[in-house]
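Undergrad: Here is the input, now give the coordinates:
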Amino acid sequence: MKLSVLAVGHRQPDWVSAGCAEYLKRMPRELPAAVTEIKPELRGAKTREQLLAAERGRIRDALPAACRIVVLDEKGDDLSTLNLARRLEAWMHDGRDVALLIGGADGLDEEFKREADDRVRLSSLTLPHGLARLVLCEQLYRAASVLKNHPYHREG
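TA: From the prediction side, this is the model:
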């Protein structure tokens, strides 16, 4: 199974890219992960719906075939790290590749939210997109570490 983080947004600061790269390279061999940046739609005189529809098309083009779709959404499941590890383990047993979607400035198209296999809330806080990417990458690594009984995560 492969993990793909598909994030709508412009080029992120070097510290975001470096942080994500560091956590992704630590992922276990059997659970490779990558971040793919999706170009946001130029705003201009377009409506929010037009912007989201254009980004939806770009995200669809980047989705792995027959993958599990997990959207990051403020109304998604609020998971602890241990619960994320359990969810990751269930995804691994399912066997499909997993695409985790982070929307742009206007969020994600409602179609993705309806079709998603899972909806996860990363935080109750409002996070800048780059920081959300970094936190997600770190938490995926931490969840994988929990499953491997690696001492990176210490409970208690």
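Undergrad: For the lengthiest helix in the chain, name the packing helices and strands.
TA: Taking DSSP state H as the criterion, the chain has its longest helix at helix 129-147. The helices and strands touching helix 129-147, judged by 3 or more CB pairs under 8 Å, 6 or more residues apart in numbering; DSSP states H and E, are strand 3-8, helix 14-25, strand 33-38, helix 81-94, strand 98-102. Where C-beta positions appear, they are placed from N, C-alpha and C, glycine not excepted.
Undergrad: Kindly calculate the angle that that helix makes with strand 3-8.
TA: If you take axes from the mean of the first three to the mean of the last three CA atoms, to 10 degrees, helix 129-147 sits at 170 degrees to strand 3-8.
Undergrad: follow-up on the earlier one: could you work out which of the helices and strands packed on helix 129-147 reaches nearest to R68?
TA: Taking CB to CB, strand 98-102 is the member of those nearest to R68, at 4.7 Å.
Undergrad: Can you list the helices and strands that the closest one packs against?
TA: In terms of contacts (3+ CB pairs under 8 Å, 6+ apart), strand 98-102 is packed against strand 3-8, strand 68-78, helix 129-147.
Undergrad: repeat that with 6 Å
TA: In terms of contacts (3 or more CB pairs under 6 Å, 6 or more residues apart in numbering; DSSP states H and E), strand 98-102 is packed against strand 3-8, strand 68-78.
Undergrad: May I have the first one as PDB, with CA atoms only?
TA: Coordinates of each C-alpha in strand 3-8 appear next as PDB, following Å, rounded to 0.1, in the frame of the first residue of the first chain:
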ATOM      1  CA  LEU A   3       0.200   6.700   0.900                       C
ATOM      2  CA  SER A   4      -0.300   9.800  -1.300                       C
ATOM      3  CA  VAL A   5      -0.800  13.300   0.200                       C
ATOM      4  CA  LEU A   6      -2.500  15.400  -2.500                       C
ATOM      5  CA  ALA A   7      -2.400  19.000  -1.400                       C
ATOM      6  CA  VAL A   8      -3.800  22.000  -3.300                       C
END
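Undergrad: now it and helix 14-25, what's the angle there?
TA: Angle of strand 3-8 versus helix 14-25, following the same axes, to 10 degrees, is 160 degrees.
Undergrad: looking at the sheet around the residue nearest the centre of the chain, what are its partners?
TA: The geometric centre of the chain, computed from its C-alpha atoms, lies nearest to L100 (CA atoms, centre = their mean), at 3.3 Å. Listed beta-bridge partners, L100: V5, V70 (assigned using DSSP bridges).
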